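Q: next input, structure requested:
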Amino acid sequence: MQRLKEQSALVTGSSSGIGKAIALALASEGANVVINFHSNERSADKIVQEIKSSGGNAIAVGADVSKEDEVKRMFEQMFEAFGTIDILVNNAGMQKDASFLEMTIDDWQKVIGINLTGQFLCAREAAKEFIRRGMIKDRSVAAGKIICISSVHEVIPWAGHVNYAASKGGVMLLMKSVAQELAPHKIRVNAIAPGAIKTPINKSAWEDPESEKKLLELIPYGRVGNPEDVAKAAVWLASDDSDYVQGETLVVDGGMTLYPGFADNG
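A: Predicted coordinates:
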């Protein structure tokens, strides 16, 4: 069953990690997919070929999502290839870690620019197209779907990563406020907050047994997540199966936000 047949999706930051898994999952459900990359064009092209070899349709488009002109060009290229957009997955993100007292303004602005401003710019362009085009009968019961990839650190403070945590807290209220405003247009806006997922960005935290053991102390379910765990959630939020879900964050974390440190302190 292809729940997203004839729909077109843009997944930002999808040349690796969670974004890659989401792009592949959306394609497997029948969506045309734009693989957005910033610097890793070779990886993006490989993902396009992987999708095409499985009978899907995809293109790779380079853009820095923190830059308005590049975001607009990316959407223009998508419309030229696929005509419109039905699904936006705001996944592009980064970390530039430093202690609070040593964090530079560049460290701060770079992370806020990609993680928060990038989501604003892409969501705005997608929403304009959803409203211009309106609903398409037999394609989806919604005029469009926006999925914001956040983090458990939208609610869990993270010393040494204040720029990242602040950006994800911002994503939460950006998502909810946009969901509130766009709901009358039949545009669904939700978020996914992954916990510890095995991706290149946090490889040092799980790549060896000792590091993984320490990480697992924070995860009641007893395993580190895989990108596919997040991808399955994204497919559900993009499909009509999640109609009537609006302005919600789906936490995919194995229980990390249950604060397991308190489990024996009741």
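
Q: and Ser242, how many neighbours does it have?
A: 19 (other Cβ atoms under 10 Å). C-betas here are computed from N, CA, C, even on glycine.

Q: need the contact list for it.
A: Residues in contact with Ser242 (Cβ atoms under 8 Å, 6 or more residues apart in numbering) are Arg188, Asn190, Trp236.

Q: neighbour-wise, which of those leads?
A: Going by other Cβ under 10 Å, Arg188 tops the contacts of Ser242 with 28 neighbours.

Q: I'd guessed that residue sits against Val141; true?
A: No. In this structure, Arg188 is not within contact of Val141 by Cβ atoms under 8 Å, at 9.2 Å.

Q: ok so, going back, now, which of the contacts of Ser242 sits nearest Val224?
A: Trp236 (21.3 Å; Cβ to Cβ).

Q: what separation do you get for the residue lying closest to the closest one once chain neighbours are set aside and Asn190?
A: Nearest residue to Trp236 in three dimensions, chain neighbours excluded: Ser242, at 5.4 Å (Cβ to Cβ, 6 or more residues apart in numbering). The spacing between Ser242 and Asn190, counted by Cβ to Cβ, to the nearest Å, is 7 Å.

Q: His161 now?
A: 24 Å.

Q: got it, and Phe100?
A: 31 Å.

Q: repeat for Lys52
A: For Lys52, the distance to Asn190 - Cβ to Cβ - is 29 Å.

Q: which helix runs longest in this protein?
A: Ranked by number of residues, the top helix in the chain under DSSP state H is helix 162-182.

Q: which parts of the stretch 101-250 of the chain are helices?
A: Assigned by DSSP state H, counting those that start in this stretch, the stretch 101-250 of the chain shows helices spanning 105-112, 118-133, 162-182, 209-216, 227-238.

Q: contacts for the fourth one?
A: Here helix 209-216 makes contact (Cβ under 8 Å, 6+ apart) with Ala196, Ser204, Ala205, Trp206, Gly222, Arg223, Val224.

Q: how about 7 Å then?
A: Ala196, Ser204, Ala205, Trp206, Gly222, Val224 (Cβ atoms under 7 Å, 6 or more residues apart in numbering).

Q: same question for the third one.
A: Around helix 162-182, the neighbours that count as contacts under Cβ under 7 Å, 6+ apart are 95-96, 100, 103, 107-108, 111-112, 115-116, 119-120, 123, 127, 148, 150-151, 153-154, 157-158, 189-191, 246-247, 249.

Q: okay, buried residues for that helix please.
A: Going by neighbour count (16 or more other Cβ atoms under 10 Å), the buried part of helix 162-182 is 162-172, 174-176, 178-179, 182.

Q: where does pLDDT dip in this structure?
A: Counting by pLDDT under 70, the low-confidence segments of the chain come to 266.

Q: ok, the most centrally placed residue in it - contacts?
A: The centre of the chain sits closest to Asn91, judged by Cα atoms, centre = their mean, with a distance of 2.7 Å. Taking Cβ under 7 Å, 6+ apart, we find Asn91 in contact with Val11, Thr12, Gly13, Ser14, Ile18, Gly19, Ile22, Ile149.

Q: tell me which element the fifth one falls in.
A: With elements taken from DSSP states H and E, the one containing Ile18 is helix 17-28.

Q: gap between that helix and the chain center?
A: Counting by Cα atoms, centre = their mean, to the nearest Å, helix 17-28 is centred 10 Å from the centre of its parent chain.

Q: what lies in contact with that helix?
A: By Cβ under 7 Å, 6+ apart, helix 17-28 touches 4, 9, 11-14, 33, 35, 47, 51, 56, 58, 87, 89, 91, 149, 194, 197, 199-201, 227-228, 230-232, 234-235, 238.

Q: ok, now stretch 258-266?
A: By Cβ under 7 Å, 6+ apart, stretch 258-266 touches Leu218, Pro220.

Q: in stretch 251-261, what counts as buried?
A: Using 16+ other Cβ under 10 Å as the test for burial, stretch 251-261 gives Val251, Val252, Asp253, Gly254, Met256, Thr257, Pro260.

Q: of those, which is the nearest to Met78?
A: So of the buried residues of stretch 251-261, ranked by how close each gets to Met78 (Cβ to Cβ), first place is Val252, at 26.5 Å.
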